[in-house]
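Need coordinates for the below:
(one chain, ligands or ions: 1)
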Amino acid sequence: MMNFGVSADARFLGRIIEGGSVNSKTRMLVHFGLAFALLTGPFVSSAAAVTGKPDAGTSCVIIDTDWDIDDLMAIPAIVANRKVAAIVVTEGASTPRVGAAAVSTMLSSPRPTRTVPVLPGMSSNADVSGLTWIAGLRESQARVNGLLVEPISASTSNVRAEKLQSRLTSLTRDCTDIELMIIGPFTSYVTYAPILSGRISRVVMQGRPLRGDPTTAPGGISFNCLYDLTSCRKAFPTLKRVNPYWIDAPKEGPVAYAPSTSMVTSLKSTGLPGTTKRALMGNRSTWDPLALMPGSKSLFWDQSAALFLLNDRAFQQVGGHWESKLPLTEFQNRWTSAVNNWSW
Ligand SMILES: [Ca+2]
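From the prediction side, this is the model:
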């Protein structure tokens, strides 16, 4: 157990997320008629119906997320452009089972039978009492930000390691090489890494390395490490052997390297781009610099990891990590284009 207290990553210091009062009697409205069963049933579709099912001898991507608001923007960019074998939701900004249901809800609209497998991952059961912002964030993320009017509820029981390993083994059995994008804590990674042994071609992670980055201020541990430091410390030496890239948002410059309203309104109105647009525009207080709650912060954190995975030539090494070298508007345009490339 950990208490984050005042040592939380600067990214989250002072962060205030709208708590959002929800009438418990309000009937859950799911945009475009998503089946309620999606919220309560298994999160993995039958293999035959899964678009993300890899072909024999193919390259696969696994996304390991803690379902924060920047994860919500990063995931569609990858899903629209790569064959995603599985998405694992690890405890962090969200809890695994609620987060998995929320990710599944977003990706299942409007084609529930052609979605990507989403697995609840591992819990660290961290003490989050010092993170005053997290309850509000978890509630808004359980509503897929602004997509649902009532938060998804799900069991809080821990997922068994053997269950996660078994499911990932099955979902990746035809993957000859795997790119792993970790945009959450490392709690699940240390559990499933052994079953991916020898097939990981690259690991793209949000944040900065635990050690060895001269641009990191002393004690400035990235949130994904800090949330479950034990797992991060365990993962760190093994990550060095699997072609690791740490990605962070540029922190310098006159204007925050952040999302804009126009890059979201430029998304198509149908399919996954449309769902993403409705989710984001339904609640701008969590991400839009023009609408953020006082004290909140929004930068291109996980979105940077996603665009790096799609095109690393747009990035440059800074200390021990990589940052976008694109002008802000170009980065925003590339995110919109990446999500709008969705076709299935
Ligand atoms: Ca994240």
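
For the chain, just list every one of the helices.
With helices called from DSSP state H, the chain shows them at 37-40, 69-79, 96-108, 134-142, 161-171, 189-192, 223-227, 229-239, 261-265, 271-281, 302-310, 328-340.

Measure how the fourth one sits relative to helix 69-79, angle-wise.
Translated: helix 134-142. Angle, helix 134-142 to helix 69-79, by axes from the mean of the first three to the mean of the last three CA atoms, to 10 degrees: 30 degrees.

Can you get me a residue count around Arg261?
Careful, residue 261 is Thr and not Arg. 15 (other CB atoms under 10 Å). Backbone N, C-alpha and C define where each C-beta goes, glycine included.

quick one: Thr115 and Met106 touch, right?
No - between Thr115 and Met106 there is no contact, the gap being 9.5 Å when judged by CB atoms under 8 Å.

on that earlier part again, wait, which of the helices of the chain is closest to Arg211?
Ranking those by their distance to Arg211 (criterion: CB to CB) puts helix 229-239 first, at 7.3 Å.

Buried residues, the closest one. List them.
Buried residues in helix 229-239, counted by 16 or more other CB atoms under 10 Å: Leu229, Ser231, Cys232, Ala235, Phe236, Thr238, Leu239.

and what of stretch 300-311?
Applying 16+ other CB under 10 Å to stretch 300-311 flags Phe300, Trp301, Asp302, Gln303, Ser304, Ala305, Ala306, Leu307, Phe308, Leu309, Leu310 as buried.

could the residues you listed be laid out in a markdown table, adding distance to Glu252?
A markdown table is the format used below for the buried residues of stretch 300-311 (distance: CB to CB, whole Å):
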| residue | distance to Glu252 |
| --- | --- |
| Phe300 | 13 |
| Trp301 | 15 |
| Asp302 | 19 |
| Gln303 | 18 |
| Ser304 | 14 |
| Ala305 | 19 |
| Ala306 | 21 |
| Leu307 | 18 |
| Phe308 | 18 |
| Leu309 | 23 |
| Leu310 | 24 |
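
Select, from those residues, the two members most distant in space.
Maximum distance among the buried residues of stretch 300-311 (CB to CB): 15.9 Å, for Trp301 and Leu310.

residues from the stretch 51-200 of the chain in reach of the ion?
Contacts of the stretch 51-200 of the chain with the ion, taken as CB under 5 Å from the ion, map to Asp66, Asp68, Asp71, Ile183, Gly184.

Could you measure from the third one over to Gly198?
Counting by CB to CB, to the nearest Å, the separation of Asp71 from Gly198 is 28 Å.

swap in the fourth one?
Taking CB to CB as the measure, Ile183 and Gly198 are separated by 23 Å.

Need the pLDDT of Arg114.
As predicted, Arg114 sits at a pLDDT of 76.

before we move on, what about Pro254?
Pro254 carries a pLDDT value of 84.

do Leu34 as well
With respect to pLDDT, Leu34 has a value of 36.

who's in contact with Trp67?
Val89, Gly92, Ala93, Ser94, Gly99, Ala102, Val103, Gln141, Gly184 (CB atoms under 8 Å, 6 or more residues apart in numbering).

Let's see that with 7 Å instead.
Neighbouring residues of Trp67 by CB atoms under 7 Å, 6 or more residues apart in numbering: Val89, Ala93, Ser94, Gly99, Ala102, Val103, Gln141.

and Ser324, what are its bridge partners?
Partner residues in beta bridges with Ser324, using DSSP bridges, are Phe315.

What is the neighbour count of Asp64?
The local packing of Asp64 (other CB under 10 Å) involves 27 other residues.

just Gly274 next, same as before
Counted with other CB under 10 Å, Gly274 comes out at 19.

ditto for Gly319
By other CB under 10 Å, 15 other residues sit near Gly319.

Spatially nearest residue to it (excluding sequence neighbours)?
Thr215 (3.3 Å; CB to CB, 6 or more residues apart in numbering).

Might one say that that neighbour is in contact with Gln317?
No - with contact defined as CB atoms under 7 Å, Thr215 does not reach Gln317; the gap is 10.3 Å.

near the ion too, which of the buried residues of stretch 300-311?
Asp302.

Quick one, grab the pLDDT at the closest residue to Ser153 other than its chain neighbours.
Leaving aside its sequence neighbours, Ser153 sits nearest to Val98 (CB to CB, 6+ apart; 7.0 Å). Among the per-residue scores, Val98 holds a pLDDT of 98.

Can you name the residues that contact Val98?
Ala142, Ile152, Ser153, Ala154.

do Gly207 as well
Ser222, Asn224, Cys225, Trp246, Asp248.

just Ala161 next, same as before
Contacts of Ala161 by CB under 7 Å, 6+ apart are Met122, Thr191.
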